[in-house]
Structure formats: structure tokens, C-alpha cells
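>>> I'd like to go over a predicted model; first the sequence, then the structure.
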Amino acid sequence: MSEAPIPRTFTSAGPVRGHARVPGDKSISHRALILSAMAVGESRIEGLLESEDIIATVAALWAMGSEIGQDSNGNWVVNGVGVGGLLQPETALDMGNSGTSARLLMGLAASNAITATFIGDASLSRRPMGRIIEPLSRMGASFSVTPGERLPLMVHGRVPAVPIEYRLPVASAQVKSAIMLAALNTPGVTRVMEPERTRDHSERMLAGFGAEVGIEEVDGERVISVTGEAELNPHNMSIPGDPSSAAFPVVAALLVPGSEVVIQHVGINPTRTGLFEVLKQMDADITYENERDVGGEPVADIRVRHSALTGIEVSPEIAPRMIDEFPILFVAAALAKGETVTTGLQELRHKESDRLALMAEGLAQLGVRLKEHPDGLTIIGSDGEKLKGEYATPQIATALDHRIAMSFAVAGLVSAHGVTIDDVRPMATSFPSFPPMLADLGAIAAE
Ligand SMILES: O=C(O)C1=C[C@@H](OP(=O)(O)O)[C@@H](O)[C@H](O)C1
Ligand SMILES: C=C(OP(=O)(O)O)C(=O)O
């Protein structure tokens, strides 16, 4: 990231129209790199997300012995070290802003004969790591930690690690995946019980690499078992577009009158499509076209037309399937007719920022009537009226959070005088091409 914040004002230039692609899925990109690093031999990845979070994973895997580069077509090529083959990194692993890199790579390191130091930016250094330290300690890894169980921290891997049975106390795909990755080099069978279903990309991809992964439904919860010591076969992959990134042009098209867009080649894994389901309940015109399978993940082109939305009560059960999409849902709710109520969202306070607090603060600046609760927001929509706060062009604090920045960029398209984001740099975390894509669709003027 460049040194100084880069503010920018987002104002509507017209309806959102045309066809677009969003970059590769962030969750799948991390996993494709990590599992390729655990295979001996060459894996090729097409459509990898090229963003700051993914580069943090690339750099850490490189520091632990994998060779990673790009071929002449821009595909990424990984020569892995094999399960258990991580090399001792010589310097601290800088995870930047990326919780997924930090937590998944701690899992990987936990069952290797290395000691790895993890550092991150100011946002990541505030996020809780106890949820990872606890199960990985049970597997035999040990940790040197700063008070409060935050980064920086040091993982001392254990070989052989001990298989565990672990029921997730928070619905977290990162915790689940960290344990599954530690299990790869752990003799015996490790089991993770998941009371609430979270994204299942690790399960799907591990099976594709030839690992022994079992998935059972027992008393209403999923039980995932991984048999170590696994041997992974190198593998070529194609990564679908990220539904969490598609969420922004989708909501932009719903809110700006006269819009119609098709976002092509988007992952529609049911563990990720909660936002689209909730928007449909709010009367959004969203359809999936050309549904197909890409490397074990369902994919579609998503057609969206401008729609008059209606507020609803969002079921808390759906939260894990749209956990990163609440900021942009709140923007949609701000334009809906009537009240939208969300609950069960305590986890949003532990993301790149406290997403409940920042969205409440920013939307209130735009004149949106809302209440902030410990576990959610209640928003009274404007029924399609443009947003208008006390100040002509409000300045929104984005606090190193890409999803806050992109949500308020979309809010700018439906605000009477536009919205100024204090810093657009965080968009590079997951979606570096977001402003040019909005310009290509006619939503904003080109810079
Ligand atoms: O496993 C993953 O790739 C992710 C899981 C989620 O985090 P939690 O596991 O903390 O819910 C999500 O918020 C994050 O963007 C990506
Ligand atoms: C929470 C997110 O990512 P991470 O946890 O990887 O930082 C996100 O992308 O919204």
C-alpha cells in the first residue's frame, strides 16, 4: 500500500449497465495456493485473485519453501514442498490485512517442525487469535503470544501432532480450515464438528487433491474428518469469480434506476449465496443463468435489474452464509421500503473493522434512520429516495476495511451529493479493479 490515504468521492454517472467479471474468489484462491504448496510437484492455477491478501499468502508460502510464479498466460504455478515439508522461515511472515492468511497458515505451521512468527497491519493486529490458538494447542502446537491473544505471535509446530475432535464454538470457516490443514500432517483422524454450516471450500478442494476427507451429518451438525498423514497430488485449478465481490455491482444495479447488469462466472456455492437469497426475499430481480460446475464449485452468470426493495427481518441462521456481505446489505436496506432487522451478527465486530459500528456511523452521516444493537442493525429505508445527510458530501471513515470502503462507494451512487471515502487503498485487499469496473459499467465517471 502507498504511504498516504487516497480519498475519493463516488457520485452516480448513470445507470449500471452491461456485462462484467469480478476477480477470482478470495477464499478459494488462498486455499488453492496453500494446498498446492502441500503437494509435491507442479500445480497450475487459472483465475487466481491478484490482491494484497492473496499476495500475503504467496509470500508466506514462498518463505516456507514453495516455489510460486506465473507462466506466460498469467496462470500461477506452484511447486509444493509436500505435507510436512515446510521449511523454517527466516523472517516474520507478514499477513498484512488478511485474517484468512493468518489463521489458515497458523494451522498449517502447527503440525510442521518449524517456528513461525506472524505479524500483520493495525487492523489484523486487533483481531482475535485465541479461537485458533485453543484448538491448535490441543493438537500439540505451542504459542508465544502478546497479551489479549492478538498478533504478533509465534507458532511452535509439533511433530507428530495429536489428532483431536473439536466442536467449533464460533461459526468460522477459518478455524475449521486451520484445524483441517493441521490435520494433514497429523497421524490418525482429526474431526471438526460444525453446528452452523460455514463455507466448505477446504472440504471440496482437499478431496480434489486426493486427501481422505469425510463429511457426515450427525444430529443436525456436520462432522468433517481428515485423515493424516496425507499425500496430496498436484492439481490444475480454475477459480470462479468471488460472490463477495460480485455483491457490490449487484447491489449497485439493484439501487440505481434504469440498471441491468450481468456479472459473469460467479461462484454460487450455497455456503456463500446468503446475500442473493436475502435480496430476493426483499423483492430483488436477480437470476442465475448458465449454471455450471467449475472444478468442483457451482458457477453462474448473475443477471440483476433495478428493483424496488422491501425491508425484511433477516434470519440469523443465514449469517454464516453471507458473513462478509452485511455491510453492502445495510446499504441496500437503506434504500428499501420499510424496516430491515438483522440480529446474531456479533462476529461482524471482529472483522477488518467493527463493521456494525462503522456501517451505523457512516449510514447515519448519510441521513439513514437506524438503531445499532450489540448484535445487529435495524435500518429504516428511504423507499428509493436518494440519501441526504446533514453535510453535503460526507467523509466516511473506512478504517483499513475494504468492504466498508466499497459499500460506501455504492452508497455514493444513491446519495444526493455523492459520498467521499477517506481512503480507497483498502479496496486492494480483495478487489483492486473495483473503481475501474464501476466506470466500465457506466456507474461512475472514469478517473
Ligand atoms: O475461510 C475463509 O476464507 C473466510 C471465512 C470468514 O471468516 P471467519 O472464519 O472468521 O468467519 C470470512 O469472513 C472471511 O472473509 C473468509
Ligand atoms: C473478513 C474478511 O477477510 P479476512 O478475515 O481474510 O481478513 C473479508 O474479506 O471480509
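Structure's in. What do you need? Fair warning: this is a prediction, and the values are worked out from it, not measured in the lab. Ligands and ions are numbered 1, 2, ... in the order given.
>>> Confirm for me that residue 354 is in contact with residue 346.
No: Residue 354 lies out of contact with residue 346 (CB atoms under 8 Å); the separation is 10.5 Å. C-betas here are computed from N, CA, C, even on glycine.
>>> if you count what's nearby, which of the two comes out ahead?
residue 354 (17 against 13; other CB atoms under 10 Å).
>>> For the more buried one, give me its contacts.
Contacts for residue 354 (CB atoms under 8 Å, 6 or more residues apart in numbering) come out as residue 348.
>>> run the last query once more with 6 Å
By CB atoms under 6 Å, 6 or more residues apart in numbering, the contact set of residue 354 is empty.
>>> quick one: buried residues of stretch 360-378?
360, 362-363, 365-368, 370, 372, 375-378 (16 or more other CB atoms under 10 Å).
>>> Then stretch 423-436?
Those would be 423-435, for stretch 423-436 by 16+ other CB under 10 Å.
>>> Show me the shaky parts of the protein.
Applying pLDDT under 70 to the chain picks out residues 1-2.
>>> Can you name the residues of it sitting close to ligand 2?
Taking CB under 6 Å from any ligand atom as the contact definition, the chain meets ligand 2 at 53, 98, 99, 100, 324, 351, 352, 403, 430.
>>> Please report the distance of the last one from ligand 1.
It stands for residue 430. Using CB to the nearest ligand atom, to the nearest Å, residue 430 is found at 8 Å from ligand 1.
>>> what's that residue in contact with, if anything?
Applying CB under 6 Å, 6+ apart, we find residue 430 in contact with 26, 51, 402.
>>> How about the fifth one?
For residue 324, the residues meeting the contact criterion (CB under 6 Å, 6+ apart) are residue 244.
>>> Kindly recompute the last result at 8 Å.
Going by CB under 8 Å, 6+ apart, residue 324 touches 244, 351, 403.
>>> Cross the residues you listed against helices and list the overlap.
244, 403 (DSSP state H).
>>> mind putting the contacts of residue 324 in a markdown table, neighbour count and distance to ligand 1 included?
Output for the contacts of residue 324, formatted as a markdown table (neighbours: other CB atoms under 10 Å; distance: CB to the nearest ligand atom, whole Å):
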| residue | neighbour count | distance to ligand 1 |
| --- | --- | --- |
| 244 | 26 | 7 |
| 351 | 20 | 6 |
| 403 | 29 | 9 |
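>>> and which of the contacts of residue 324 is nearest residue 397?
Relative to residue 397, the closest of the contacts of residue 324 is residue 403; by CB to CB it sits at 13.6 Å.
>>> Next up, the contacts around that closest one.
Contacts for residue 403 were tallied using CB under 8 Å, 6+ apart; they are 244, 324, 327, 328, 351, 352, 355, 430.
>>> Now the third one: closest residue in space that isn't a chain neighbour?
Which is residue 327. residue 407 (4.1 Å; CB to CB, 6 or more residues apart in numbering).
>>> how close does that neighbour sit to residue 137?
For residue 407, the distance to residue 137 equals 36 Å [CB to CB, to the nearest Å].
>>> With neighbour numbers in mind, choose between the two.
Each of residue 407 and residue 137 has its neighbours counted (other CB under 10 Å); residue 407 has more, 31 against 16.
>>> I figured that one hits residue 330, correct?
Yes: counting by CB under 8 Å, residue 407 touches residue 330, with 7.2 Å between them.
>>> Please, where are all the helices along the stretch 251-400 of the chain?
With DSSP state H, counting those that start in this stretch as the criterion, the stretch 251-400 of the chain has helices at 274-281, 326-335, 355-365.
>>> With respect to residue 145, which of those helices lies nearest?
Closest approach to residue 145 among the helices of the stretch 251-400 of the chain (CB to CB): helix 355-365, 25.0 Å.
>>> The closest one - contacts with which helices or strands?
For helix 355-365, the packing partners by 3 or more CB pairs under 8 Å, 6 or more residues apart in numbering; DSSP states H and E come out as helix 326-335, strand 369-373, strand 376-380, helix 402-413.
>>> For ligand 2, what's the nearest residue on the protein?
At 2.7 Å from ligand 2, residue 99 is the closest residue in the chain, using CB to the nearest ligand atom.
>>> which residues sit in contact with that residue?
Residue 99 makes contacts with 124, 127, 174, 351, 352, as judged by CB under 8 Å, 6+ apart.
>>> now do residue 375
For residue 375, the contacting residues are 343, 344, 345, 346, by CB under 8 Å, 6+ apart.
>>> burial count for the second one?
With neighbours defined by other CB under 10 Å, the count for residue 344 comes to 17.
>>> correct me, but it touches residue 319?
Yes: applying CB under 8 Å, one finds residue 344 in contact with residue 319, separated by 5.3 Å.
>>> Setting the sequence-adjacent residues aside, check what's closest to residue 343.
For residue 343, the closest residue by CB to CB, 6+ apart turns out to be residue 376, at 4.4 Å.
>>> hang on, that neighbour packs against residue 340?
No: counting by CB under 8 Å, residue 376 does not reach residue 340; the two are 9.9 Å apart.
>>> how about the residues of the protein near ligand 1?
Counting by CB under 6 Å from any ligand atom, the chain sits next to ligand 1 at 27, 100, 172, 173, 174, 177, 199, 323, 324.
>>> one more time with 8 Å, if that's ok
Residues of the chain found near ligand 1 (CB under 8 Å from any ligand atom) are 26-27, 30-31, 99-100, 103-104, 170-177, 198-199, 201-202, 244, 320, 323-324, 347, 350-351.
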